[in-house]
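In: Here is my input, please return the structure:
(one chain, ligands or ions: 1)
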Amino acid sequence: MMGNQGASQAPLFYAFNLEDHVPRDHLLRGIGRFLDLSDLRRHLAPFYSHTGRPSIDPELMIRMLVIGYCFGIRSERRLCEEVHLNLAYRWFCRLGLEDRIPDHSTFSKNRHGRFRQSDAFRHVFETVLRRCMNEGLVAGEGFAIDASVIKADANRTRGVPDGEGFDWAQGDGPTRAVREYLSALDAGNPTDDPSEPPTAPPNPPKNISLTDPAARWTAAPGGPAFYAYSTNYLIDLDAGIIVDVEATPAHRTEEVDSTKTMIERVEKRFDLKPKRLVGDTAYGAAPMLNWIVNDKQIEPHIPVWEKAQRDDGTFSRSDFQFNEQSNSYECPGGKELTTTGRPTSESTVLFRAKNEDCAGCAHKQRCCPNTPHRRIARSIYEGARDVARTVCTTPAYEQSRKERKKVEMLFAHLKRILKLDRLRLRGLNGARDEFLMAAAVQNLRRMAKWLAPKAENGRLIPV
Ligand code: SF4
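Out: Residues are numbered from 1 along each chain as shown. Sure thing, here's the model as predicted:
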């Protein structure tokens with residue numbers, strides 16, 4: 001006989017335990033073991049009023065955001081719907097079946113308000129990192145640095161060639177992202193007259209977005225240019241834990257500068273300083289290598305940024321031998337190139353051959369065919385560059401080169417699994433908030449994957 005489903009959907013009492021309905025090997029169970037937000041309320045307390053109606057529990061909002069980043073649910077409206085419907089999400093948020101879910105607009109208010117003022121997302125990120133350290137996942141011996149470009153929430157057709165002279169106050173007045181951009185300009189480039197708008201930076205980008213002016217107009221290889229930010233990761237190479245993250249406009253100079261910010265911050269906050277730092281050529285410019293080698297005493301596992309290599313058949317600088325004792329170069333013709341020792345504006349000193357040496361030299365056409373004598377520019381940081389060159393010839397460097405893939409894999413994971421290939425929040429602060437939460441979630445996922453007990457078939461053992 002064909003069965004007939006009963007129509008009673010509204011019994012008066014349920015005997016229902018949410019805990020029993022969350023699969024024992026659900027990812028959120030693993031994450032739940034390592035996420036401790038007990039300190040969040042104390043951190044946020046100064047930013048809440050002692051009177052008035054109680055607001056939404058900040059821990060609930062952070063737990064919901066963890067779910068959002070963990071499962072690539074980027075829309076806050078959808079996140080609220082999912083938490084409402086999904087039993088595992090409710091369980092992770094410590095909500096009962098009948099508890100109300102916060103409205104999606106509450107997220108926006110808190111994200112741009114208290115959470116940002118109190119740096120709550122960095123607090124969450126650092127709490128998770130501390131747990132990783134306590135679990136022994138951070139060795140602190142080798143760090144890797146890299147950056148990845150993430151599209152800004154800005155239409156590529158809504159831009160002006162440069163921001164100079166543009167009336168940002170038109171329409172309903174500047175948006176939050178525009179206000180942040182103008183105050184950052186003001187702080188970096190103040191004018192004498194406070195009524196004057198701040199002037200653009202000395203090297204303004206080609207296009208400035210009217211929606212999110214702090215985003216950088218970036219040319220991607222093989223595709224049209226777009227507005228973007230960069231997420232910069234500093235990771236520990238032992239287990240690939242992200243030890244710091246920094247948001248910058250998608251521009252190489254700012255990406256490289258963030259290295260100093262992150263290395264200093266991790267040392268100050270967690271007393272962690274690596275013995276070696278692994279990076280690609282972008283981080284191999286002379287001033288950066290000097291900072292790594294001489295200021296921080298860290299071994300640079302970074303290829304040197306070489307501009308002196310020539311590919312037109314003439315001698316490159318590497319064909320000239322430097323003599324440290326006499327502070328001079330010996331050319332392939334056996335002559336000496338000397339210097340006055342005066343640095344140029346590009347932090348180099350010039351070494352020159354004598355006109356009479358070059359005039360009668362058999363190598364003249366391969367050395368300096370268009371000038372009376374040959375000149376060699378040597379960086380004032382050449383010592384640090386030499387250290388990096390030496391490291392690059394060692395087997396340890398080869399190992400570091402392989403390990404560098406760990407940070408690239410984290411970026412691939414960020415974009416493919418966490419679906420963070422385009423930001424939802426605007427402004428540099430929005431990018432910072434998103435990158436911090438995403439990095440915290442990546443660390444949580446790693447702990448859940450690595451530390452939760454597993455059966456022989458690789459599945460998580462129920463906890
Ligand atoms: S051209 Fe001058 S610098 Fe070059 S190899 Fe000859 S002597 Fe040396």
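In: Ala152 is in contact with Arg426, correct?
Out: Yes: with contact defined as Cβ atoms under 8 Å, Arg426 reaches Ala152; the gap is 7.0 Å. Backbone N, C-alpha and C define where each C-beta goes, glycine included.
In: Same drill for these two, tell me which one is more crowded.
Out: With neighbours defined as other Cβ atoms under 10 Å, Arg426 and Ala152 compare such that Ala152 has more, 31 against 24.
In: What separation is there between the nearest residue to the more buried one once chain neighbours are set aside and Ser148?
Out: Spatial nearest neighbour of Ala152, excluding adjacent residues (Cβ to Cβ, 6 or more residues apart in numbering): Ala215 at 3.5 Å. Applying Cβ to Cβ, to the nearest Å, the value for Ala215 to Ser148 is 15 Å.
In: Between these two, point out the one with more neighbours.
Out: A count of neighbours by other Cβ under 10 Å puts Ala215 above the other of Ala215 and Ser148, at 31 against 22.
In: Contact residues of the stretch 201-350 of the chain facing the ligand?
Out: Cys331, Pro332, Gly333, Lys335 (Cβ under 6 Å from any ligand atom).
In: which of those residues has the most neighbours?
Out: For these, neighbours tallied by other Cβ under 10 Å; top is Cys331, 22 neighbours.
In: Would you agree that one is in contact with Ala353?
Out: Yes: taking Cβ under 8 Å as the definition, Cys331 is a contact partner of Ala353 at 6.1 Å.
In: Pull up the overlap in contacts between those two.
Out: Leu337, Arg374 (Cβ atoms under 8 Å, 6 or more residues apart in numbering).
In: in the stretch 101-250 of the chain, which spans are helices?
Out: Using DSSP state H, counting those that start in this stretch, the helices found in the stretch 101-250 of the chain span residues 104-112, 114-117, 120-134, 176-188.
In: Listing request: residues of the stretch 351-463 of the chain with sub-threshold pLDDT.
Out: Scanning the stretch 351-463 of the chain for pLDDT under 70 picks out the ranges 452-463.
In: quick revisit: give the residues shared as contacts by Arg426 and Ala152.
Out: With Cβ under 8 Å, 6+ apart, Arg426 and Ala152 have common neighbours Asp212, Ala215.
In: hang on, the earlier thing: quick check, pLDDT for the residue nearest to Ala152.
Out: We have a pLDDT of 88 for Ala215.
In: what's it in contact with, if anything?
Out: Ala152, Ala154, Ser209, Tyr227, Ala228, Tyr229, Pro249, Ala250, Arg426.
In: Just the buried subset of those, written out for ChimeraX, thanks.
Out: Here is the ChimeraX command that selects the buried residues among the contacts of Ala215 (16 or more other Cβ atoms under 10 Å):
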select :152,154,209,227,228,229,249,250,426
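In: Return the member of the contacts of Ala215 nearest to the ligand.
Out: Ala250 (41.8 Å; Cβ to the nearest ligand atom).
In: Angles on the backbone of the closest one, please.
Out: Per-residue torsions, Ala250: phi -80, psi 80 (degrees, to the nearest 10).
In: what about the residue nearest to Ala152, distance to the ligand?
Out: With distances taken as Cβ to the nearest ligand atom, to the nearest Å, Ala215 is found 48 Å from the ligand.
In: Against Leu420, how distant is the nearest residue to His251 once chain neighbours are set aside?
Out: Among residues not flanking His251 along the chain, Arg216 sits closest, at 5.1 Å (Cβ to Cβ, 6+ apart). Distance of Arg216 to Leu420, computed by Cβ to Cβ: 17 Å.
In: Same question for His363.
Out: As judged by Cβ to Cβ, His363 and Leu420 stand 55 Å apart.
In: Settle it for me: which of these two has more neighbours?
Out: Legend: neighbour count by other Cβ under 10 Å for His363 and Leu420, higher for Leu420 (25 against 17).
In: And what about that one, helix, strand or coil?
Out: Following DSSP: H, G, I helix; E, B strand; the rest coil, the label given to Leu420 is coil.
In: OK, contacts around it?
Out: Tyr69, Gly72, Arg74, Ile150, Leu414, Glu434, Ala438.
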